[in-house]
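Participant: predicted coordinates and the sequence they were generated for:
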Amino acid sequence: MQNGWSEAEAANKDEMELLVYQSRLIGADASLVIWGGGNTSIKTVSRDFRGQDTSAMTVKGSGSDLKTIEPKHFPSLRLDDVLLLFDRDSMSDDEMVAYLAQCMLDPKSPRPSIETLLHAFLPYHSVVHSHADAIVALTNTQEADDVLKEVYGERAAVVEYIRPGFTLSKLVGQRVKDNPSVDGVILVNHGLFTWGDSTKEAYDKHIDLVSQADEYARHKAKGKTVFTVVRDRVMEEGQRHRIAAALAPLLRGLVSQQQTMVLRYDDEPDVLEFVNSREAGALSQVGPATPDHTLQTKIKPLWVETEDLENLTRLAEQLRQGISRYVLDYSGWYQANTDGDHPMLDPYPRVILMPGVGMWSTGKDARAALIAGDIYHHTISVIRATQGVGHYTSLTSKDAYDVEYWPMELYKLTLAPPERELSRRIALVTGAAHGIGKAIAERLAAEGAHVVVTDIDSEGAMALAQEISDKHGYARATAFDMDVTSQEQVASAFHKLCLTYGGLDILVSNAGIAPVGAIHELSLQDWQRALDINATGHFLVAREVVKLMREQGMGGSLVFVGTKNVLSPGKDFGAYSASKAAEVQLARVLAIENGEYGMRVNVVNPDAVFEGSNLWSKELKEQRAQAHGITVDELEDFYRQRNLLKERVTAEDVAEAVLFLAGPRSAKTTGAMLPVDAGLKDAFPR
Ligand code: ZN
């Protein structure tokens, strides 16, 4: 394990800057902490609000991440007030949080970490705490007592597992008081604390103790086969992905029975090595390594038994049985441990392991699913190391319950901002790189949806997906090339979509073209092209959507972007009007065929949306201007003057109507047609 401290970088830094530097070094190493885990502190003399020097502790705030931490994420507390607590015998979490809130030098700074007291009770300038995989690996062996003695001798104190809070803090403080010569405290099933008179010393000791654990585990594992490969489970990537994509919608439906979930599929080498091993079935069911693992991945993952990886029907059946069994087990575990203090949480797994295929993780969005998956990579790494040393063991069933149903954590959930209208939803928009499609993709994303941006213009689609993810969060949009007239490209986009998010809730079928020309002058080629894109394209995409949504069993909403020409066709627009009429008729039949599966199908009919549109080519504008006897510049105003409201229709106006039809506010509407044309009496639906 590398010591990353650089004297050159640390030179000329003040105490706060050194704390940030040290914290980020710890945070940058995923084998030490991930996703907000771990914490650091320093004790200094600070100015209080009266301008007087006061002894203070600056500690990581709750909810920040060491990797990217900044000075503002560290609240400071009056140390003398905090230290008074050491004389108490006990204190509840609520009392502790309320007390610490009164100790803050700046009441507006973030809430200090739940492990604040532990930092305070260690009488050293700098304190570092991590959840290092290497340390957890040693504490999570059945032989931990002997192993830790062998590795550390008198160098580190070992404290048995207790959930973080006052009792653990006091116990650790007392242990170090009694053994002032130790360099660190190892918390069983949790992690490591080290300290020093400087931030460098605390960091050096931390890296040193973790390295000792790491080297020991490596040495012990030498020549041992920890995970034995089961040959029948090893598949080539293409076959693995075909199975994963085919099962994902079913799985998503199964785990979304209480709350809709986004899935993430993962077949990284370490995951495959684990799920393809003879040992994984039993080891995966032992229990969680630490409290942090428990909070993200629940007490255990679902292990799906498989016998014949060639037989998809059988695999689907085993997945169904696996989920039912998991829910029963989870409910039993809840009943066995609850005091009736909190109703049962969602009983569905966060991590699903399937031999041969890989792992799925679930979450309320792509980021949460990524976090659960990442944590499970660390679980695998801990299990591998413990099996090299001895035998993996975990938090007890009761301890896992006390973490998942920890009032502090449940309270945190209540602080989360309310979810947006399309949170947890996945939407696919065709022709999304420009104009109306782009405005729709942006609008759905702003309301919380994950958006699959598809277009024949792959660069435009990728740029938009990047823009949406930058604005709204990790993997909130993904771009796939899709020519809607190509059966293969449509199928390939759906395959990738199932691997990326696990399923689909909303389709906005938007891609279209507008060829012009009187029918007697129209080439067969132009006529055919209009039908291919404006009719067949919608059919090819909708066919995949219906298959997916039926498999998923969660209903869904399909919105087709039609045109006012369907109801009020115009001269020289024969190919356009006829092909768009086919699209709308297709939508209506889809509504009839799929109502019983909870799928709604509706149409929006825009008119004359020019802004950013690829539909309105230069040629089309010139042609329409000529047809109406005006100049191109007058065209927009001409369209405005012919509608009842005398308004210009924008892509955002269409996006708003699509949002309404896509989301739950139109739950009882299907087979409908909604004009977005500022009022055209010839195009009134009837
Ligand atoms: Zn911790």
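Facilitator: Good, I have the coordinates.
Participant: what are the bridge partners for residue 450, then?
Facilitator: Counting by DSSP bridges, residue 450 is bridged to residue 426.
Participant: which residues touch the residue nearest to residue 183 when sequence neighbours are not counted?
Facilitator: Closest residue in space to residue 183, ignoring its immediate chain neighbours: residue 205 at 4.9 Å, by CB to CB, 6 or more residues apart in numbering. Any C-beta I mention is one placed from the backbone N, CA and C, and that applies to glycine too. Contacts of residue 205 were listed using CB atoms under 8 Å, 6 or more residues apart in numbering, and they are 183, 184, 194, 195, 196.
Participant: in strands, which of those appear?
Facilitator: 184, 194, 195, 196 (DSSP state E).
Participant: tell me how far the third one lies from residue 20.
Facilitator: Applying CB to CB, to the nearest Å, the value for residue 195 to residue 20 is 18 Å.
Participant: more neighbours: these two, which one.
Facilitator: Shown here are residue 195 and residue 20; by other CB atoms under 10 Å, residue 195 has more neighbours (24 against 19).
Participant: tell me the bridge partners for that one.
Facilitator: Bridge pairing for residue 195 - DSSP bridges - gives residue 127.
Participant: now the worst-scoring helix or strand of the chain on mean pLDDT: buried residues?
Facilitator: Within the chain, no helix or strand scores below helix 407-415, which has a mean of 83 by mean pLDDT, DSSP states H and E. By neighbour count on 16 or more other CB atoms under 10 Å, the buried set for helix 407-415 is residue 408.
Participant: same question for stretch 148-165.
Facilitator: 148, 151, 152, 156, 157, 158, 159, 162, 163, 164, 165.
Participant: ends of that stretch, what's the gap?
Facilitator: Length of stretch 148-165, first residue to last, CA to CA, to the nearest Å: 24 Å.
Participant: with stretch 154-166 instead?
Facilitator: Terminal-residue distance, stretch 154-166 (CA to CA): 25 Å.
Participant: elements contacting the helix or strand containing residue 525?
Facilitator: Per DSSP states H and E: residue 525 is located in helix 524-531. Helix 524-531 sits against helix 574-594, with contacts defined as 3 or more CB pairs under 8 Å, 6 or more residues apart in numbering; DSSP states H and E.
Participant: run the angle between the helix it packs on and helix 524-531 for me.
Facilitator: Angle of helix 574-594 versus helix 524-531, following axes from the mean of the first three to the mean of the last three CA atoms, to 10 degrees, is 30 degrees.
Participant: quick check: what element follows helix 574-594 along the chain?
Facilitator: strand 599-606.
Participant: contact partners for residue 570?
Facilitator: Applying CB under 8 Å, 6+ apart, the residues near residue 570 are 577, 627.
Participant: any residues touching stretch 408-420, and which ones?
Facilitator: Residues from elsewhere that reach stretch 408-420, judged by CB under 8 Å, 6+ apart: 93, 97, 114, 295, 342, 364, 403, 447, 448.
Participant: show me the two of those residues that sit farthest apart.
Facilitator: Greatest spatial distance among the contacts of stretch 408-420 (CB to CB): 93 and 447, at 35.5 Å.
Participant: please pick the buried ones from the contacts of stretch 408-420.
Facilitator: Neighbour counting with 16+ other CB under 10 Å marks 93, 97, 114, 295, 364, 403, 447, 448 as buried within the contacts of stretch 408-420.
Participant: how about JSON lines for those residues, with distance to residue 521 and secondary structure added?
Facilitator: Formatted as JSON lines, the buried ones among the contacts of stretch 408-420 follow (distance: CB to CB, whole Å; DSSP: H, G, I helix; E, B strand; the rest coil):
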{"residue": "93", "distance to residue 521": "79", "secondary structure": "helix"}
{"residue": "97", "distance to residue 521": "78", "secondary structure": "helix"}
{"residue": "114", "distance to residue 521": "76", "secondary structure": "coil"}
{"residue": "295", "distance to residue 521": "68", "secondary structure": "helix"}
{"residue": "364", "distance to residue 521": "55", "secondary structure": "coil"}
{"residue": "403", "distance to residue 521": "74", "secondary structure": "helix"}
{"residue": "447", "distance to residue 521": "44", "secondary structure": "coil"}
{"residue": "448", "distance to residue 521": "48", "secondary structure": "coil"}
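Participant: how near is residue 467 to residue 405?
Facilitator: Taken as CB to CB, the span from residue 467 to residue 405 is 40 Å.
Participant: re earlier: show me which of the contacts of stretch 408-420 is closest to residue 631.
Facilitator: Nearest to residue 631 among those, counting by CB to CB, is residue 447 at 39.3 Å.
Participant: was I right about that closest one contacting residue 421?
Facilitator: Yes: Residue 447 lies in contact with residue 421 (CB atoms under 8 Å); the separation is 4.6 Å.
Participant: what do these two both touch?
Facilitator: By CB under 8 Å, 6+ apart, the residues touching both residue 447 and residue 421 are 659, 663.
Participant: hang on, the earlier thing: got the CA coordinates for the least confident helix or strand of the chain in PDB?
Facilitator: Only the C-alpha atoms of helix 407-415 are listed here, as PDB (Å, rounded to 0.1, in the frame of the first residue of the first chain):
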ATOM      1  CA  PRO A 407     -33.100   5.800  13.800                       C
ATOM      2  CA  MET A 408     -30.300   8.100  12.800                       C
ATOM      3  CA  GLU A 409     -30.200   6.700   9.300                       C
ATOM      4  CA  LEU A 410     -34.000   6.500   9.000                       C
ATOM      5  CA  TYR A 411     -34.100  10.200  10.100                       C
ATOM      6  CA  LYS A 412     -31.500  11.000   7.300                       C
ATOM      7  CA  LEU A 413     -33.900   9.500   4.800                       C
ATOM      8  CA  THR A 414     -36.700  11.900   5.900                       C
ATOM      9  CA  LEU A 415     -34.300  14.800   5.200                       C
END
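Participant: roughly how far is that helix from the heart of the chain?
Facilitator: Counting by CA atoms, centre = their mean, to the nearest Å, helix 407-415 is centred 19 Å from the centre of its parent chain.
Participant: measure stretch 592-606 end to end?
Facilitator: Start-to-end, stretch 592-606 (CA to CA) is 23 Å.
Participant: would you mark the buried spots in it?
Facilitator: Buried residues in stretch 592-606, counting neighbours by 16+ other CB under 10 Å, are found at 594, 599, 600, 601, 602, 603, 604, 605, 606.
Participant: likewise stretch 277-291?
Facilitator: Applying 16+ other CB under 10 Å to stretch 277-291 flags 277, 279, 280, 283, 284, 286, 287, 288, 289, 290, 291 as buried.
Participant: how about the helices in the stretch 101-250 of the chain?
Facilitator: 116-120, 133-139, 144-152, 166-178, 199-221, 237-255 (DSSP state H, counting those that start in this stretch).
Participant: packing partners of the fourth one?
Facilitator: Spelled out, that is helix 166-178. helix 116-120, strand 156-159, strand 184-187.
Participant: now do the first one: which elements does it pack against?
Facilitator: Secondary structure elements in contact with helix 116-120, counted by 3+ CB pairs under 8 Å, 6+ apart, are strand 39-47, strand 53-59, helix 79-83, helix 93-102, strand 126-130, helix 166-178.
Participant: ditto for the last one
Facilitator: Applying 3+ CB pairs under 8 Å, 6+ apart, we find strand 184-187 packed against helix 133-139, strand 156-159, helix 166-178, strand 191-196, helix 199-221.
Participant: return the most buried member of the ones you listed.
Facilitator: helix 133-139 (a mean of 27; mean count of other CB atoms under 10 Å).
Participant: which strands or helices does that one pack on?
Facilitator: helix 144-152, strand 184-187, strand 191-196, helix 199-221, helix 366-389.
Participant: contacts for it?
Facilitator: Against helix 133-139 from outside (CB under 8 Å, 6+ apart): 1, 31-32, 144, 147-148, 151, 158, 186-192, 209-211, 213-214, 216-217, 289-290, 378, 381-382, 385-386, 389.
Participant: if you set the cut-off to 7 Å instead, what comes out?
Facilitator: 31, 144, 147-148, 151, 186, 188-189, 191-192, 210, 213-214, 217, 289-290, 378, 381-382, 385-386, 389 (CB atoms under 7 Å, 6 or more residues apart in numbering).
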